[in-house]
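*Asks:* I'll drop the sequence and a predicted model, then ask my questions.
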Amino acid sequence: AETDVTPEMSTTGGTSDARFLHALCPVVEFGLTNATMHKLDEAVAVADLQRLTAIYQGILIRAFA
């Protein structure tokens, strides 16, 4: 509940190893995306990093609580 975004079930796009691993085990892949991703002077907003940190923290708490 950190975002109002509905996850998309997909194994396409990008160069993630998830496209190979999904046949072997469940895979969850997420991260930051923006207009400068993988470009010269790539940048990300601090607020986006804080939101992603909260998501990671929530996953760890649920997994190891």
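*Replies:* Here it is on my side, so go on. Residues are numbered from 1 along each chain as shown.
*Asks:* quick one: contacts of the helix or strand where Leu52 lies?
*Replies:* Taking DSSP states H and E as the criterion, Leu52 maps to helix 46-64. With contacts defined as CB atoms under 8 Å, 6 or more residues apart in numbering, helix 46-64 is touched by Glu2, Thr3, Phe30, Gly31, Leu32, Asn34. The way it works is simple: take the backbone N, C-alpha and C, and place the C-beta from them, glycine included.
*Asks:* can you redo those residues as CSV with distance to Ser10 and pLDDT?
*Replies:* Formatted as CSV, these follow (distance: CB to CB, whole Å; pLDDT from 0 to 100):
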residue, distance to Ser10, pLDDT
Glu2, 20, 73
Thr3, 17, 80
Phe30, 11, 79
Gly31, 14, 80
Leu32, 17, 81
Asn34, 19, 80
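*Asks:* widest-spaced pair of those?
*Replies:* Across those, no pair lies farther apart than Glu2 and Asn34, at 17.3 Å, counting by CB to CB.
*Asks:* excluding covalently adjacent residues, which one is nearest to the spatially most central residue of the chain?
*Replies:* By CA atoms, centre = their mean, the chain has its centre lying nearest to Phe30, at 1.4 Å. What sits nearest to Phe30 in space, not counting adjacent residues and going by CB to CB, 6 or more residues apart in numbering, is Ile55, at 7.1 Å.
*Asks:* picking up where we left off before, and the helix holding Leu52, average pLDDT?
*Replies:* In this model, helix 46-64 has a mean pLDDT of 92.
*Asks:* CA atoms only: put that helix into PDB for me.
*Replies:* The C-alpha trace of helix 46-64 is given here as PDB (Å, rounded to 0.1, in the frame of the first residue of the first chain):
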ATOM      1  CA  VAL A  46      14.700  11.800  -3.800                       C
ATOM      2  CA  ALA A  47      11.000  11.300  -3.100                       C
ATOM      3  CA  ASP A  48      11.000   8.300  -5.500                       C
ATOM      4  CA  LEU A  49      14.000   6.800  -3.700                       C
ATOM      5  CA  GLN A  50      12.200   7.300  -0.400                       C
ATOM      6  CA  ARG A  51       9.100   5.500  -1.700                       C
ATOM      7  CA  LEU A  52      11.200   2.600  -3.000                       C
ATOM      8  CA  THR A  53      13.000   2.400   0.300                       C
ATOM      9  CA  ALA A  54       9.600   2.100   2.000                       C
ATOM     10  CA  ILE A  55       8.600  -0.700  -0.400                       C
ATOM     11  CA  TYR A  56      11.800  -2.700   0.200                       C
ATOM     12  CA  GLN A  57      11.400  -2.200   4.000                       C
ATOM     13  CA  GLY A  58       7.800  -3.500   3.800                       C
ATOM     14  CA  ILE A  59       8.900  -6.600   1.900                       C
ATOM     15  CA  LEU A  60      11.600  -7.400   4.400                       C
ATOM     16  CA  ILE A  61       9.300  -6.900   7.400                       C
ATOM     17  CA  ARG A  62       6.700  -9.200   5.900                       C
ATOM     18  CA  ALA A  63       9.200 -11.800   4.800                       C
ATOM     19  CA  PHE A  64      11.200 -12.000   8.100                       C
END
